[in-house]
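**Q** Structure of the sequence below:
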Amino acid sequence: MIAANFRKFPEAQMAQMELDLSGTVGTDEVQRASFWSWLMNTGKVLALPGLPRPAWWVAARRAAQKLAKAVKMALLPLNFWKE
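**A** Numbering: from 1, shown residues only. Down below sits the predicted model:
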């Protein structure tokens, strides 16, 4: 879940890094200050490019969604869902 959020919102990773490093015990202040200086001036958090999904995976997922929809439509008259 956390990794998915970082992929969707790269700026959240920078905020999390700030939280992680702000309370680090035993870290040299000069080192932390130089790191933050670099991060704020030149560092960029980039989302990783998504890998292409294989065609068989896409076809299997579509078939599963189609089956789920057919099952739901078959069960709707039995009032399993209150809509």
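
**Q** Quickly list the domain ranges of the protein.
**A** Annotated domains of the chain cover 1-51, 53-83 [automatic domain parsing].

**Q** Okay, and residue 65 sits in which element?
**A** Using DSSP states H and E, residue 65 sits in helix 55-75.

**Q** how about low-confidence regions in the protein?
**A** For the chain, the stretches with pLDDT under 70 are 1-3, 5-6, 18-27, 43-47, 80-83.

**Q** Strands along that one, start to end?
**A** Counting by DSSP state E, the chain yields no residue ranges for strands.

**Q** the helices in it, which residues?
**A** Counting by DSSP state H, the chain has helices at residues 2-8, 10-22, 29-41, 55-75.

**Q** so which of these comes closest to residue 49?
**A** helix 2-8 (9.9 Å; CB to CB). In short, each C-beta sits where N, CA and C put it, glycine included.

**Q** For residue 15, which residues are in contact?
**A** With contacts defined as CB atoms under 8 Å, 6 or more residues apart in numbering, residue 15 has no neighbours.

**Q** Would you mind measuring from it to residue 39?
**A** Using CB to CB, to the nearest Å, residue 15 is found at 12 Å from residue 39.

**Q** how about the helices of the chain, which one is nearest residue 48?
**A** Ranking those by proximity to residue 48 (CB to CB) places helix 2-8 first, at 6.7 Å.

**Q** Just give the number of residues close to residue 39.
**A** Other residues within reach of residue 39 by the criterion other CB atoms under 10 Å amount to 15.
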